[in-house]
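>>> Provide a 3D model corresponding to the input given below.
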Amino acid sequence: MTEHEHVRVAVIGSGFGGLGAAVRLRREGVTDFVVLERADSVGGTWRDNSYPGCACDVPSHLYSFSFAPNPDWPRTFSGQEHIRGYLEHVTDVFRLRPHIRFNSEVKMMTWDAERLRWDIETSSGSYSADLVVSATGPLSDPKIPDIEGLDSFPGKVFHSARWDHDYDLRGKRVAMVGTGASAIQIVPSIQPEVERLTLFQRTPPWVMPRVDRAISGAERALHRALPFTTQARRGLLWGLRELQVQAFTKRPNELGMVEQLAKRNMARSIKDPALRAELTPDYRIGCKRILLSSAYYPALAQPNVDVVTSGLSEVRGSTVVGADGSTAEVDAIVFGTGFHVTDMPIADRVVGADGRTLAEAWQGGMQALRGASAAGFPNWMTIIGPNTGLGNSSMILMIESQLNYMADYVRQLDVLGGRVALDARPAAVDAWNRRVQERMKRTVWNTGGCTSWYLDANGRNTTIWPGTTTEFRTATRRVHLAEYEVVRTPAEKKAEAAV
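Below is the predicted model of the structure:
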């Protein structure tokens, strides 16, 4: 690499969002771009999360790009290794590797108002770009709570997204902290091997059965021979989830029947009434993400598992102490405590037009026009930005909608011509955010009675989209120039004034 490389577009990250952006740029005829990836391979969260039992809770044929269908998914719900393999396949089929700069973690991005470009410092060198597409994703930087005494713990400590495969858990006493999507996959995977498993549960999740099965060779052969059958399968999976949205967004009380199904799922495995009471949530189902597992409750019922219905509050040597005062001697602590979602670390590394970082601009809460553009940060876009998350469907649908918006953004810059940038107008961002937050008031995520990672430190839901994927697709079909200020270089402004 040269000491300083200028490109038209710099994409940050090579997960679904980053690779999707790269493919779409190629389709738009843009080949002058790089993908800056901090690791040594593609995959994003599906590279980082390799813990035992790691799998997707969205059906395989819906959790893939519409422009890159995979007729050979081995299971209805794919495991981590198959999804990561799919992303490697997409990288090769669309010939993206020449564009990817591995081991290039972004340290700082600064807007140059004179040249209308982003100056980017990475761990492997410097770049500049006319447009930045940030696809770092919300599930990329693990969050470990500040636990008193954790630094002096003599055993092994790691986060689910940084699994230590060199450490053998067999025969060990293990503390599992957290009961989210990762934990309910890890617990049944390691329970048969460990001597004792202590699960720290601050809030019990609602868990529905995971109806997973192998996809037969005949099905896969049919999908290969008749591609429209793959599309039809995807369409059916999508349509069923679109029909569910209103219960989440407008009529949360309709979810009561789903709660009864979840309780029956628990009762089949948890015969102890006291344990069943401890595992039953006191909030409306859907307020937190509904988790899928047919193995979680059976694992908790085993004699080598203890459930502590409080958070981990302290570590004293090799003793872990719950907030309820309970103690356990352990050899290893595994944190399944989520990620920095509403306080994304990348925001500290983006310096906008007024010299403020994105983190400073978002101090009162994340907000971006149509989930993509932040005021004061010209020609900077984010994939899976504020209020683009989903509570019941595939994020790939939202990513592809944002790629449509990105593509039209590039077209608008071409039409405007010359050295030009688009900066989201504060009034447009505020208006969009007000509409989103107004719709959010009725949703189960705001009214369901829980505290979730969907909410930021101010209690605002800055992560979830309060509508259907169809509505979001319509909202991001094209860029409305009236919502942006067109920014020219000082030299071009002088030239225009002289005419």
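>>> where does the stretch 101-250 of the chain have low pLDDT?
Along the stretch 101-250 of the chain, no part satisfies pLDDT under 70.
>>> pretty sure Val35 contacts His99?
Yes: using CB atoms under 8 Å, Val35 is in contact with His99, at 5.3 Å. C-beta coordinates here come from the backbone N, C-alpha and C atoms, glycine included.
>>> shared neighbours of those two, anything?
Overlap between the contact sets of Val35 and His99, as judged by CB atoms under 8 Å, 6 or more residues apart in numbering, is given by Ala22.
>>> so which of those two has more stuff around it?
When Val35 and His99 are compared for neighbours, Val35 comes out ahead with 27 against 21, by other CB atoms under 10 Å.
>>> list the buried residues for the helix or strand hosting the more buried one?
Using DSSP states H and E, Val35 falls within strand 33-36. For strand 33-36, burial by neighbour count (16 or more other CB atoms under 10 Å) applies to Phe33, Val34, Val35, Leu36.
>>> pLDDT on that strand, on average?
Averaged over strand 33-36, pLDDT sits at 98.
>>> starting at the chain centroid, how far to it?
20 Å (CA atoms, centre = their mean, to the nearest Å).
>>> and stretch 10-30, by the same measure?
17 Å.
>>> and it, how far apart are its ends?
By CA to CA, to the nearest Å, the extent of stretch 10-30 from end to end equals 11 Å.
>>> what strands line up against the strand holding Val35, and which way round?
strand 4-12 (parallel), strand 100-101 (parallel) (DSSP bridges).
>>> beyond that strand, next helix or strand please.
Downstream of strand 33-36 (by DSSP H and E), the next one is helix 45-48.
>>> packing partners for that following helix?
Under the contact definition 3 or more CB pairs under 8 Å, 6 or more residues apart in numbering; DSSP states H and E, helix 45-48 sits against helix 80-93.
>>> could you list the buried residues of the helix it packs on?
Buried, per 16+ other CB under 10 Å, within helix 80-93: Gln80, His82, Ile83, Arg84, Tyr86, Leu87, Glu88, Val90, Thr91.
>>> repeat that for stretch 352-368.
Within stretch 352-368, the residues scored as buried using 16+ other CB under 10 Å are Gly352, Ala353, Thr357, Leu358, Ala359, Ala361, Trp362, Gly365, Met366, Gln367, Ala368.
>>> could you do stretch 416-424 as well?
Those would be Val420, Ala421, Leu422, Asp423, Ala424, for stretch 416-424 by 16+ other CB under 10 Å.
>>> residue ranges for the strands of the stretch 301-450 of the chain, please.
Secondary structure of the stretch 301-450 of the chain, counting by DSSP state E, counting those that start in this stretch: strands at 305-308, 312-316, 319-322, 327-329, 332-335, 350-351, 380-382, 420-424.
>>> whoops, the stretch 101-250 of the chain was the one
Going by DSSP E, counting those that start in this stretch, the stretch 101-250 of the chain shows strands at 106-112, 117-122, 125-134, 156-159, 173-177, 196-200, 207-208.
>>> who touches the shortest one?
The list of residues contacting strand 207-208 from outside it, by CB under 8 Å, 6+ apart, reads Ile184, Val258, Leu261, Ala262, Asn265, Met266, Ile290, Leu291, Leu292, Ser293, Tyr296, Tyr297.
>>> cutoff 10 Å now
Contacts with strand 207-208, where a contact means CB atoms under 10 Å, 6 or more residues apart in numbering, come from 57, 179, 184, 258, 261-262, 264-266, 279, 281, 285, 290-294, 296-297.
>>> with stretch 314-329 instead?
147-155, 157, 173-175, 177, 196-198, 200-202, 306, 308-313, 330-333.
>>> follow-up on the earlier one: now for the buried residues of stretch 352-368, which pair is the farthest apart?
Ala353 and Gly365 (20.2 Å; CB to CB).
>>> I'd assumed Ala10 was in contact with Val133.
Yes: in this structure, Val133 is within contact of Ala10 by CB atoms under 10 Å, at 7.3 Å.
>>> between the two, which contacts overlap?
With CB under 10 Å, 6+ apart, Val133 and Ala10 have common neighbours Phe33, Val35, Trp380.
>>> need those residues in a markdown table with distance to Trp453, can you?
Shown next, in a markdown table, are the shared contacts of Val133 and Ala10 (distance: CB to CB, whole Å):
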| residue | distance to Trp453 |
| --- | --- |
| Phe33 | 32 |
| Val35 | 27 |
| Trp380 | 24 |
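>>> is it correct that Arg284 falls within a strand?
No: per DSSP: H, G, I helix; E, B strand; the rest coil, Arg284 lies outside any strand segment and is coil.
>>> from what I can see Thr474 touches Tyr405, true?
No: using CB under 10 Å, Thr474 is not in contact with Tyr405; the gap is 11.2 Å.
>>> those two: which has the busier surroundings?
Tyr405 (22 against 12).
>>> test my guess that the more buried one contacts Thr476.
Yes: Tyr405 lies in contact with Thr476 (CB under 10 Å); the separation is 4.0 Å.
>>> which neighbours do the two have in common?
Arg370, Gly371, Ala372.
>>> out of those residues, flag the one nearest to Ser189.
For the shared contacts of Tyr405 and Thr476, the nearest to Ser189 is Gly371 (34.2 Å; CB to CB).
>>> ok, Ser216 - contacts?
Leu222.
>>> again, only this time at 6 Å
Under the criterion of CB atoms under 6 Å, 6 or more residues apart in numbering, the contact list for Ser216 is empty.
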